[in-house]
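Visitor: Below: sequence and its predicted model.
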Amino acid sequence: MDRKFTVGLAQMFPRLGDVQANLERHLQLAREAQGLGVDLLIFPELSLTGYTLRELVPHVAIRPSDAHPMWKPLLEASADMALVVGFVEEDARHRFFASSAFLDGGRVVHIHRKVYLPTYGLFEEGRYLSPGDGFRAFDTRFGRCGMAICEDSWHISTPYLLWMDGADYLIFCSASPVYGVGMDQEGATANAATVTLFTKTYATLLTSFAFHANRVGVEEGISFWGGSLAVSPRGHVLGHAPYFEEALLPVEVDPGLLRAARQRLPLLRDEKPLLTLHELSRILSEEHPHDER
Amino acid sequence: MTNVDALLQQDIPLVRRLLVSAIRTELGRFGFTRGVLGLSGGVDSSLAAFLAAEALGPENVRAVLMPYRTSAPESAADAMEVIRILGLNHVTVDITGMVEPLFAQFPDMGQRRRGNVMARARMIVLYDQSEEWGGLVIGTSNKTELLLGYGTLFGDMASAVNPLGDLYKTQVRQLARAVGVPERIIAKPPSADLWPGQTDEGEMGLTYAEVDKVLYLLVDERRTPAEVVGMGFSEGFVRQVWRMVQRNQYKRCPPVIAKVSGRTLDWEFRMPRDWGT
């Protein structure tokens, strides 16, 4: 698509473990977004379930099929507007994933299962969820997109792989919590500053659009900082939602900026993925002197 | 229907050994050889007294009777029978004088409020006795009560070590029978005895025999409410039980701490409870 379109970042406060209530909120926000001319509405990580689920995981899990009563209304809502929704996905063998689905035209275009499940500090995802096993870009009517969920985006290889797979639009969905509030950071919190920094960096170095939808609210005493962000292929901030408050942020996207950015900074043209592959193969096959046992 | 009664049967000798060993070890690691418990004359506290006496020796267990002026006299008689059988150290502290001045300030105070005040007054007495006797408080809440939230937060739910917290009421009765708790105590209708005629089953509107089966299937067997209904239990009952478990989750957790720092208690600061012992 070469014509402009509008992305909406749905910075919401999901209700923990209440899929029905969150579904209604999604549909309501989709209606509001329609009024704002939004073409693609992006919800945060686990927007249908809330984040600190612990053993609620199997209780809120969804098999994404037309038959599921929670899934059908979302597919219907995607008839006129593309939606990215976060949910707990259950597979046929009863594994549970933190997934985000790209829905458009009443069907599922792509589902990304979170690969990197943080299990350190306050995070305990590895205890309750299965990791996804890949990053795949996918075609949409807006162009080729790639999705990553929260911790995925902290791994620098994630956006690189999506870029190499052809993604021009990077979609990051998060439930990023507040921790380590001090006096030494810019933005709301230390990790808010980091996420904002790398979202801009990825957009700039990959000469691609980057959209980050983060949630807000409080669960189990943990606050989520919001600050959802849209960045152009030149690293310019196209829209930045407030910290800590619910917001529905529309951002106009001009695909022509991709062409201009890649002329100005031809990093994609000059990238050598085969060299990267070669070097990685060598590195992984070698004995490492720094891998002391 | 699944034979849940069979699933609720325990390996009694093994469970008894595990509970006795846990009481002795957990008290011991904090440097204590003595325990103190509130003895009501009901099956839970009687079983806890038997297990504590076996773990620590009866001379090291102080049973505290804490009647209120309306408490049933049979409760105290049953408690004294347990004390006699085991040869426990014991003391009686009447809580009437503690709670009535507060009741007098609020003449319209209802039964539930008064019951909670009494449960918390008993906690104060018990922790005072803990200090005086030099022993830790041994808890008497069972798994059924903890799951249903049938207990007073910071009242009867307060303890240092709870040997019964993983036994359903049905299982408490099985073990009580095996260790020698008098049959009279096991057979009488369970009651918090906070007001005359109160019974657990009457107040909650359910029977332990039924609720334990449903809880066992939902919690231990991880079945969904719909599956449990499919096994022959009434839908209204299963939903009511699951709602009670859900609504009372807060009673089983420490208070919410509003997170700010990078090392919040219970999130990033997760030292073991038995740290350094």
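Guide: Perfect, I can see it now. Residues are numbered from 1 along each chain as shown, chains lettered A, B, ... in the order given.
Visitor: Excluding covalently adjacent residues, which one is nearest to the residue of the stretch 51-200 of chain B found nearest chain A?
Guide: Here the stretch 51-200 of chain B gets closest to chain A at one residue, B:Leu147, 13.6 Å apart by C-beta to the nearest C-beta. For every residue, glycine as well, the C-beta is placed using N, CA and C. Distance criterion C-beta to C-beta, 6 or more residues apart in numbering or on different chains; nearest residue to B:Leu147, sequence neighbours excluded, is B:Val245 at 5.1 Å.
Visitor: you'd agree that neighbour is in a helix?
Guide: Yes - the assignment for B:Val245 by DSSP: H, G, I helix; E, B strand; the rest coil puts it in a helix.
Visitor: and it, how many neighbours does it have?
Guide: 18 (other C-beta atoms under 10 Å in any protein chain shown).
Visitor: That one touches B:Val214, doesn't it?
Guide: No - here B:Val245 does not reach B:Val214: they are 9.8 Å apart, not a contact under C-beta atoms under 8 Å.
Visitor: For the residue in the stretch 51-200 of chain A that chain B sits nearest to, which residues are in contact?
Guide: When scored by C-beta to the nearest C-beta, the stretch 51-200 of chain A has A:Gly180 as its residue closest to chain B, at 3.1 Å. Applying C-beta atoms under 8 Å, 6 or more residues apart in numbering or on different chains, we find A:Gly180 in contact with A:189-191, B:261-262.
Visitor: Could you turn the buried ones of these into a PyMOL selection?
Guide: A single PyMOL command suffices to select whichever of those are buried according to 16 or more other C-beta atoms under 10 Å in any protein chain shown:
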select buried, (chain A and resi 189+190+191) or (chain B and resi 262)
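Visitor: Just put the contacts of A:Gly180 in CSV and tack on pLDDT.
Guide: Formatted as CSV, these follow (pLDDT from 0 to 100):
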residue, pLDDT
A:Thr189, 79
A:Ala190, 81
A:Asn191, 87
B:Ser261, 91
B:Gly262, 90
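Visitor: Considering the contacts of A:Gly180, which is situated nearest to A:Ala79?
Guide: Using C-beta to C-beta, A:Asn191 comes nearest to A:Ala79 of those, at 36.7 Å.
Visitor: What is the burial count for the nearest residue to that closest one once chain neighbours are set aside?
Guide: With sequence-adjacent residues excluded and distances taken as C-beta to C-beta, 6+ apart, A:Asn191 is closest to A:Ser176, at 6.2 Å. For A:Ser176, the count of nearby residues is 26 (other C-beta under 10 Å).
Visitor: Could you list which residues are in contact with A:Ala192?
Guide: A:Ala192 neighbours (C-beta under 8 Å, 6+ apart): A:176, A:178, A:185, A:225, A:227, A:243.
Visitor: so is it in a helix, a strand, or just coil?
Guide: Under three-state DSSP, A:Ala192 comes out as helix.
Visitor: How far does stretch B:29-38 stretch from one end to the other?
Guide: End-to-end distance of stretch B:29-38: 22 Å, with C-alpha to C-alpha, to the nearest Å as the criterion.
Visitor: you'd agree B:Met204 is up against B:Leu147?
Guide: No - the pair formed by B:Met204 and B:Leu147 falls short of the contact definition of C-beta under 8 Å, at 11.8 Å.
Visitor: Of those two, give the one with the bigger neighbour count.
Guide: Each of B:Met204 and B:Leu147 has its neighbours counted (other C-beta under 10 Å); B:Leu147 has more, 23 against 18.
Visitor: mean confidence for the helix or strand hosting that one?
Guide: Using DSSP states H and E, the element containing B:Leu147 is helix B:143-148. Regarding helix B:143-148, the rounded mean pLDDT is 97.
Visitor: what does stretch B:235-243 give?
Guide: 97.
Visitor: can you count the residues close to B:Gly165?
Guide: 17.
Visitor: In three-state terms, label it for me.
Guide: Of the three states, B:Gly165 takes coil according to three-state DSSP.
Visitor: do A:Val88 as well
Guide: Looking at A:Val88 with three-state DSSP, the answer is strand.
Visitor: element containing residue 28, please.
Guide: You didn't say which chain, so I picked chain A. Applying DSSP H and E, one finds A:Gln28 within helix A:19-35.
Visitor: switch to chain B, that's the one I care about
Guide: Residue-wise, B:Gly28 maps onto helix B:12-29 under DSSP H and E.
Visitor: Give the pairing partners of the helix or strand following that helix; include direction for each.
Guide: Sequence-wise, the next helix or strand downstream of helix B:12-29 (DSSP H and E) is strand B:35-38. In the sheet, strand B:35-38 lines up against strand B:61-65 (parallel), strand B:136-137 (parallel) (DSSP bridges).
Visitor: out of those strands, deepest packed?
Guide: strand B:61-65 (a mean of 25; mean count of other C-beta atoms under 10 Å in any protein chain shown).
Visitor: what angle sits between that one and helix B:12-29?
Guide: Interaxial angle, strand B:61-65 versus helix B:12-29 (axes from the mean of the first three to the mean of the last three C-alpha atoms, to 10 degrees): 100 degrees.
Visitor: so how far is strand B:61-65 from its chain's centroid?
Guide: 15 Å (C-alpha atoms, centre = their mean, to the nearest Å).
Visitor: Return the alpha-carbon coordinates of that strand using CSV.
Guide: Coordinates of the C-alpha atoms in strand B:61-65 are reproduced here as CSV (Å, rounded to 0.1, in the frame of the first residue of the first chain):
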residue,chain,number,x,y,z
VAL,B,61,3.0,-27.9,74.1
ARG,B,62,0.8,-25.3,75.8
ALA,B,63,-2.9,-25.5,75.0
VAL,B,64,-4.8,-22.2,75.5
LEU,B,65,-8.5,-22.3,76.1
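Visitor: Mind listing what's buried along the helix or strand hosting A:Leu280?
Guide: A:Leu280 belongs to helix A:273-285 when elements are defined using DSSP H and E. For helix A:273-285, the neighbour count (16+ other C-beta under 10 Å) marks no residue as buried.
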